[in-house]
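Trainee: Any chance you can model this:
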Amino acid sequence: MMDTIVESLAELDLSKKERAALRRWRSDEMTPGSPAMRLLAEKLNTELQRAAARNEVSPIKKPDWAN
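Mentor: Reported below is the predicted structural model:
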């Protein structure tokens, strides 16, 4: 399950530096409480929130008869 999550995180629009941090975390097995892991988690959470907000459908729809 963790691999699936990491792979979907790799598909996000992250900077090269953040992608490298994600690869290092995956290969070096960072501990959950480390400062680097906290920083990475914060950045990933921010990006995930941004992606979720982009995918939200607006409740206000333009009628099809109005141009």
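Trainee: Which positions within the one helix or strand Ala53 maps to qualify as buried?
Mentor: In this structure, Ala53 sits in helix 35-55 according to DSSP states H and E. Judged by neighbour count (16 or more other C-beta atoms under 10 Å), helix 35-55 contains these buried residues: Leu40, Lys43, Leu44, Glu47. C-beta: built from backbone N, CA, C; applies to glycine.
Trainee: Please convert these to a markdown table, extending it with pLDDT and distance to Lys61.
Mentor: Shown next, in a markdown table, are the buried residues of helix 35-55 (pLDDT from 0 to 100; distance: C-beta to C-beta, whole Å):
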| residue | pLDDT | distance to Lys61 |
| --- | --- | --- |
| Leu40 | 78 | 38 |
| Lys43 | 87 | 33 |
| Leu44 | 84 | 32 |
| Glu47 | 89 | 28 |
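Trainee: Closest to Arg54 out of those?
Mentor: Set against Arg54, the nearest of those by C-beta to C-beta is Glu47 (10.6 Å).
Trainee: does that closest one really touch Leu14, like I thought?
Mentor: Yes: look at Glu47 against Leu14 with C-beta atoms under 8 Å: they come within range, at 6.4 Å.
Trainee: For Met12, what are phi and psi?
Mentor: No Met there; residue 12 is Leu. In terms of degrees, to the nearest 10, the main-chain angles of Leu12 are phi -70, psi 160.
Trainee: That one reaches Leu48, doesn't it?
Mentor: Yes: assessed by C-beta under 8 Å, Leu12 is found in contact with Leu48 at 7.3 Å.
Trainee: list the contacts for the most centrally placed residue in the chain?
Mentor: By C-alpha atoms, centre = their mean, the chain has its centre lying nearest to Leu48, at 3.7 Å. With contact set as C-beta atoms under 8 Å, 6 or more residues apart in numbering, Leu48 has these partners: Leu9, Leu12.
Trainee: With Glu18 instead?
Mentor: Leu40, Lys43, Leu44.
Trainee: can we see that at 10 Å?
Mentor: Leu9, Leu12, Leu39, Leu40, Lys43, Leu44, Glu47 (C-beta atoms under 10 Å, 6 or more residues apart in numbering).
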